[in-house]
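S.K.: okay, predicted coordinates and the sequence, questions at the end:
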Amino acid sequence: MNITKAYVIFFLVMILTKSLSNSNVLASSVVESAKKNMCYVPCTHRYSDWECFHDCFLKDYNDGRCVAGRCCCIS
């Protein structure tokens, strides 16, 4: 009985931990419509300012750069 109770508690703790760890996924994209700016792709060491600028330019934006870890396109 003690082992079963421990397994149930462990299972519930794992579910709670998993549900709390995915809470940041909902805020994955930021769109600033008033300024016609768009921030969408996370910047990394492989995806830096140059790649961000290039992708924004191909999407008909005038400029693009990494801001706060995200690629932001500027009209």
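M.R.: Arrived safely.
S.K.: helix/strand/coil for Phe57?
M.R.: Local secondary structure at Phe57 is given as helix here, using DSSP: H, G, I helix; E, B strand; the rest coil.
S.K.: so after the helix or strand bottoming out on mean pLDDT in the chain, what's the next helix or strand?
M.R.: Least confident helix or strand of the chain, by mean pLDDT, DSSP states H and E, is strand 30-32 with a mean of 48. Following strand 30-32 in sequence order, the next helix or strand is strand 37-42 (DSSP states H and E).
S.K.: show me where this protein dips below the pLDDT cut-off.
M.R.: 1, 19-35 (pLDDT under 70).
S.K.: can you map out the strands along it?
M.R.: For the chain, the strands defined by DSSP state E occupy 30-32, 37-42, 63-67, 70-74.
S.K.: next, the distance between the ends of stretch 59-69.
M.R.: 20 Å (CA to CA, to the nearest Å).
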